[in-house]
Structure formats: C-alpha cells, structure tokens
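**Q** For reference, the sequence and a predicted model appear below.
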Amino acid sequence: MLRKLFTLLFVVSVLILKSQSIGDSLNAVHYEINVTEINTVNKTISAHTNVWITPVEGDISGISLELIELDVDSVFVDGEINTYSHSDGIVLIPLETVIGVGDTIQVGVYYHGQPFNEAWGGFHFAGEYAFNLGVGFQSIPHNLGKAWFPCIDDFTDRATYDLFATVDNDKKAIGGGLLIETIDNENGTTTWHWQLNHNIPTYLESITTGEYVLTLDEYFGIQDTLPINIYTRPQDASKVAGTFVNLKAITRLFEDHFGPYPFGRIGFTATSLGAMEHATNVSYPHSGINGNTSLEWWYTHELSHMWFGDMVTCSSAEDMWINEGWATFCQIFYLEGIYGQDEFLVTMRDKHKEVLQKTHIVDNGYYALNNIPQQYTYGSTAYDKGAVVTNALRTYLGDAIFFDAITAFLQNFAFQSVSSYDMRDFLTSHTGIDMNGFFDTWVFTPGTPHYSIDSTSYSEGQIDIWLKQKFKGADYIGDDNIVQIAYLKDNFDLVYDTVVFSGRTGHSVKQLNFQPLAVLVDPLERMMDATTDNFTEIDSQGEYIFPDTYFKIIVEEINENSFIQANHNWVYPDSLKEMVPELELSTSRYWKIDGFIPEETQAQGRFYYDNNAYLDGELIDSQTDSVVILFRESAANDWHIIPQNRMGIWSVGYIFVDELKIGEYTLAVYDISVGETYEIVHQNYKIYPNPAKGKIKFDFPEKGDYFVQLVDSRGGIVDSLNFTEKRRSWSPAGSDFSTGTYLLYIFNSGKLISVEKIIFVN
C-alpha cells in the first residue's frame, strides 16, 4: 500500500513538473561528473553522474533530471538501485520515501551513447578532440548541460562541480575550476580531476579533451594571485603570447571597474567551435589564437562574462542582455583603457549606428530588452542593443556613480540569477536615483528614444531651451530624460551641460554668461538615442565627410571658419503644416545641420538616399517616386523644396543642395504616376499646353523671382530656368530629349509653390 501511495504521489509530482521548470521545486547542490570513456571514432561517451538534490519547497516523492539523446543504463538513489523511466529528455525517478525542505539525497545515473549537438551548441567531436558548448542557438530552451550529464538545466539552478574525465595518456582533459589531481590508471589512461567550488548554472560547466599544450602564466589580482591556463593545439602554442599580450591589462581594467575577478583561475581552451564563456575554461576558437591582437575583442568579450553571465546570470533567456549586452559593452569599453578614448568612441558609435539601422531588421522586429523572444535570444537585440543601452546607462549616471553601482550590484548578487527588475531596483536603492524612468524607456520598451532641440532663446545671461522627444520603434514617450547638450562658443569651444525633462516636450532654463552660436544635442554621441552625428570645424575649401550620417559638405568659398554638426535622426520628421498632394515625407529619418556658417561661406551639401531596407525602402519603392530634399530652418517653419541636383538613379544616389544652410533636411518623394495629364490651371497661374511638343508657357498673375526645374522619371535634372516676367515661353534643353512624363518644380523667391507633371510628345 505504501509503495502504491508513493507511486501515486510521484505521478502527481511529474504532472506538476511538466507544467513548470524542474528548478521550481528542486535544487541541485553539487554534481560529480565521471566521464569514463570518450570514443572519438564512434563519437560516443560513457559516464555516470552523481548529483546531490534538495527540495526547494514542499514534499517531493520523485526526482526529474534532464538528459537528452543519451541512453540511461541504471539509476541509484543514496547508493541503492532504483526504478526510473527516460523519455522526452526527462529521467523520472520515483522515491521510496518522501523528502522535504532540508533533506538532501544523492542520485546516481549511469549512461552512454552519442551526445546531442546542433550546429553550434551541445557536445562535439572534431578529429581527436571532444568538447561541449553549454548553450545552443537553435535549441529552445537553450541550456545544453543536459547534452552530456543529467541535471536541472536552467539559468537559475546553481551548483558546485567535480569533474573526473578519463582519457588516453597522450591527451589532456580540461574542466572548470582548479585541477586537483591527475590519476595514472596504469592502463594507458589518465583521469583528470577538476573542481569548481563556485555555484554556477549547468550550461557553464565544461569538458574539453584532446592533444593540448599548456601555456602557463599568472596574474596578480587585486585580491589574489591567479593562475592563467591557456590550452592550444601544439601548432598554435607559439601564437599564444602575441594573441594574449594584453590579457593581464584587460583583466586589471575589469577588476578596477567591476570588482575582483570572481573565480580562482583564468582559463582558455582552444576548440574548433566557440567562443563560449564556460566558467574559468572559456572555449575559444583555434582561429582566435592568431599571434596578434586583431581578434582580442573576442576573448575580451568572453573574459568579461566571468563577471557578467557567470558570476551574475540572467534569470531567463528573455533577459539575455544582462549576459550578452554587458559583455558586448565590455568588448568595446576595454578599448578606452588599452587604446584610448577615441578608439572607444568610434567603435561605440559604429555599434550604435548598427543598432539603429539594422537590429530591428536582423531580429525581425523591435523588442524590449527584458522580453526578447527565445528565437532571438542570441540575436542583435541582446548583444548589440544591450551594449548600447549599457553605455546609455553609463552616460545617464555618470562614470563615478555607474562603475561604483555596477560593482556593488555584482557583489550583491554574486553567484545568483537576476532580472532587469532586480537590476533596476538595486540601482535605485544604491544610488538614490529613481531608475524607473530610465528602465521604462530603455529596457522595458522596444526601440530607442530620440531627443531634439526645437528652439532656443538667449537674453541677459539666461537661455531658454525647448526640447522634443520622439521614439523609434514604439508608440511611447518616456520620463526622467537626461539629455546631453553643448553650447558652442565664439571660439568654437564646446561647453557641456545636461537638461532634464519628461514627456513629449520640455523646457529648460539655464544661466549662461555668454550667448552661444548654437546649442548642440549630444555632440560626443554618448546618450545613444536615435541619432548618429559628427561635428567638425571647417577652415578651408574642400570636402568634409561626416561618418555615419550619410552627409558630406563641399566647401567652395570660405572667408572665416565654420563649425558644423551633422545630425542624422533615425526617426520620422515633423509633418508638413500645409499638405502637398502626392508629396510624401520620409517616415524613418531626417537630418539636422547645426552649428555656425558665416554668410560669406559658399558650401554645398550632399545627402545620400537608398531604397534598400536599411534606409529608404519604405519611402522609395518604384520608378514613379521622384526623390527630393525638403528644408526648414526650424520647427516653427514648414518644409519646402530648395534648389538641388540629383546624381544617381531613382533608387540610389545623392542629392546636392547648392546653398547649405543651418536647419533641417528631409527626404521626400513625389509620385509622378498620379495627377492631371492635361492643362495645369491654378487660381493664380497657368502652364500650357500639356501634353506639350517641346515648348511650354507660363502665365503668372504678377512678376516674381521664379525658378523652374524639369526632372525626368529617373530623377535626373533635364533643364532649369530663372525668370522674373509674368509670362514666359520655354523650350527645355532645346526640346532635344525623349518623350515621356516629367516633373516640373516651380519656385518663387526660393520657396516651392508647386510640383506639376508635364507630358512631352512628338
């Protein structure tokens, strides 16, 4: 009867376990993994694992462990053979006696077979080498400790480990932690015993076997002297010194900013696939050990995981930015300490632009950092946007507070799993700064905020600044925004400041003892909002390229210096105040050219357009779209067309603005397939005949400063004309061009008054 009761209780517990994570009810305290044979010919292993388990809550009548692909031979509970079942990757083990909180039992599982692997994660064989990679990109859930030992396989269950791995005497077996001993079995094999006494999730435990050469070194850390173990193929041993020449300096940089190295060994082992941040035993690709520093960012990323991911781990796959976003930030941040701030700024700007332009396309959508779908756990959102948001947090708090708070965060949650909410709440408590606004805007909402200055006004030592907020990728407006700005002085020095506002618009009043030539938004691009920009002082004729802005200046005449900030805004421009039929503005980007241009300076601006998905695909989608540039001096003005020339075809090319001015510029298209095809008659003017045979006539009610420009269906300018009379006849280009449909842009005193469609026939 008692046996039947236990069986009934076990069935009930199994049903509960299948509806939730195993780790919700059980905790693995310690694993002893014994890999007794690795057959690289048949690609099989034989092993047995002992795991010490305790209930998390309630009474437990059965144990569930995850083990995929491999065949179970037998199961023992506290040294006694036990019944079990194994299906769908779960080993179900009924218990003779119910156990509760405070009880610990030892479960032993003997197993063998061909381990699971996918294209990246799992247990792999490569010639005479074998190794595991703890996560899979394709597998969901991603954790793959279960590919080579029975375990509770998630991000939150943490345990200590002993690994015993037996290999032929001419091979080495490397695991996590410290090497305790090697045992000569006197049969041509050696057993390697590694011990890791820090609590880590199962996906961070590791094994690597093969014909390795060990390069030994040591690092004098801020708390302890640590061994450095780098295992490589024999042919790569000579490349170790050149590859890892900066390893100690990078480790010191991370210790200085994030606290002591959290483990007892710094270790890298070369594998045919990688890189993977197994605790103290990073699997690192053979190609990464190349004898120079060209790929040191790669091992820097993995090294930083010892803090971000290994010591403190995301509590769910959806929060993977806590692991990968911070490690990607670190692989860029290290440049600041090793190579200087300029290297850091340039590389972070490149990453920032990549996020704004491509991440939502690569990952098929905009996602909140704490809620990334599991098919994109290891996508651009977690890695790249996560790094950019980490840098935004650094800017928001300032370096002193940021590094102090993150060090405290890591120590507080050492060897635990955390969520974005845990991070938010800890930073709020530790810094005394309410972090709800930042996390709501940057972490819990898809996309990226955008900040701009609508206008400024200076009077008697006071400057009023009116700001605006938009959002790329979400219908959202954030609060507690801290915006970096700079005042441009007469000598072109920049004086930096911040303004704070909430909501869609804001107003800030500052005391300033000089009248600035301009007020620039975030010229060093530290905020990581939805802009990419660059600035420069212009002191001579020539071409000036502004990286990552799709903009260039060609200076033709100059008498005194100019200062230009080219700001590429990755959000929609403000709409037209007065709608123009068939004219459509870009929905994804516009430029603001800010700074100071003296009146005597003659400069041409070149703007790039491209209908690929990363830029203008939503705006320009057919040959009937004639692309133009519109301009406005400020938010108080309406958009209007200005004199311009186009170089390229309808889908890709450049638009040249003849007289560049301070103000905003946006792309727009006019659909030449829509509109009247007969005589064009308006209340105040007439253009006829239409269709025309080489000559058209203009009839205006009064004299003016008229400028007309004829553009073909590919966007090329056929001819243009200036005149002041009320009536004028015109034969464009001597009528020596192909018949077809054209656009006629009509300006008066520099302002576009109409865009008309004209048909020329034989």
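**A** That came in fine, so what should we check first? A quick note: this is a predicted structure, and the numbers were derived from the prediction, not measured. Numbers count the residues shown, from 1 in each chain.
**Q** From here on, just use CA atoms for contacts and neighbour counts.
**A** Fine.
**Q** can you give me the strands in the stretch 101-250 of the chain?
**A** Counting by DSSP state E, counting those that start in this stretch, the stretch 101-250 of the chain has strands at residues 105-113, 122-126, 129-133, 159-168, 172-175, 178-184, 189-200, 207-210, 213-220, 225-232.
**Q** Please verify my assumption that Q602 contacts E560.
**A** No - look at Q602 against E560 with CA atoms under 8 Å: they stay out of range, at 11.0 Å.
**Q** ok, these two, which is more surrounded?
**A** Neighbour comparison, Q602 and E560: the larger count goes to Q602, with 18 against 13 (by other CA atoms under 10 Å).
**Q** which residues touch the more buried one?
**A** Residues near Q602 by CA atoms under 8 Å, 6 or more residues apart in numbering: 555-558, 659-660.
**Q** Make JSON lines from these and add neighbour count and secondary structure to it.
**A** Below are these laid out as JSON lines (neighbours: other CA atoms under 10 Å; DSSP: H, G, I helix; E, B strand; the rest coil):
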{"residue": "V555", "neighbour count": "19", "secondary structure": "strand"}
{"residue": "E556", "neighbour count": "13", "secondary structure": "strand"}
{"residue": "E557", "neighbour count": "13", "secondary structure": "strand"}
{"residue": "I558", "neighbour count": "19", "secondary structure": "coil"}
{"residue": "E659", "neighbour count": "13", "secondary structure": "coil"}
{"residue": "L660", "neighbour count": "20", "secondary structure": "coil"}
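**Q** now, among those residues, which is nearest to A392?
**A** Nearest to A392 among these, counting by CA to CA, is L660 at 32.1 Å.
**Q** Would you agree the closest one is in contact with A603?
**A** Yes - with contact defined as CA under 8 Å, L660 counts as touching A603 (5.6 Å).
**Q** quick one on the thing from earlier: determine which of the strands of the stretch 101-250 of the chain approaches A275 most closely.
**A** Comparing those by CA to CA, strand 129-133 comes nearest, at 8.5 Å.
**Q** Output the closest one as PDB - backbone C-alpha positions only.
**A** What follows is strand 129-133, C-alpha atoms only, in PDB (Å, rounded to 0.1, in the frame of the first residue of the first chain):
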ATOM      1  CA  TYR A 129      39.300  16.400 -29.900                       C
ATOM      2  CA  ALA A 130      36.000  16.500 -27.900                       C
ATOM      3  CA  PHE A 131      34.300  19.400 -26.100                       C
ATOM      4  CA  ASN A 132      31.000  20.800 -25.000                       C
ATOM      5  CA  LEU A 133      29.400  24.200 -25.700                       C
END
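**Q** That one pairs with which strands, parallel or anti?
**A** Note on strand 129-133: by DSSP bridges, its sheet partners are strand 122-126 (antiparallel), strand 207-210 (antiparallel).
**Q** In the first one, which residues are buried?
**A** This points to strand 122-126. 122-125 (16 or more other CA atoms under 10 Å).
**Q** Could you do stretch 75-92 as well?
**A** Buried residues in stretch 75-92, counted by 16+ other CA under 10 Å: 75-77, 82, 84, 86, 90-92.
**Q** Can you tell me which of those lies closest to G113?
**A** Using CA to CA, the buried residues of stretch 75-92 come closest to G113 at H86, 14.0 Å.
**Q** beta partners for the nearest residue to T549 once chain neighbours are set aside?
**A** Leaving aside its sequence neighbours, T549 sits nearest to H568 (CA to CA, 6 or more residues apart in numbering; 5.1 Å). Here H568 sits in beta bridges with T532, W591, going by DSSP bridges.
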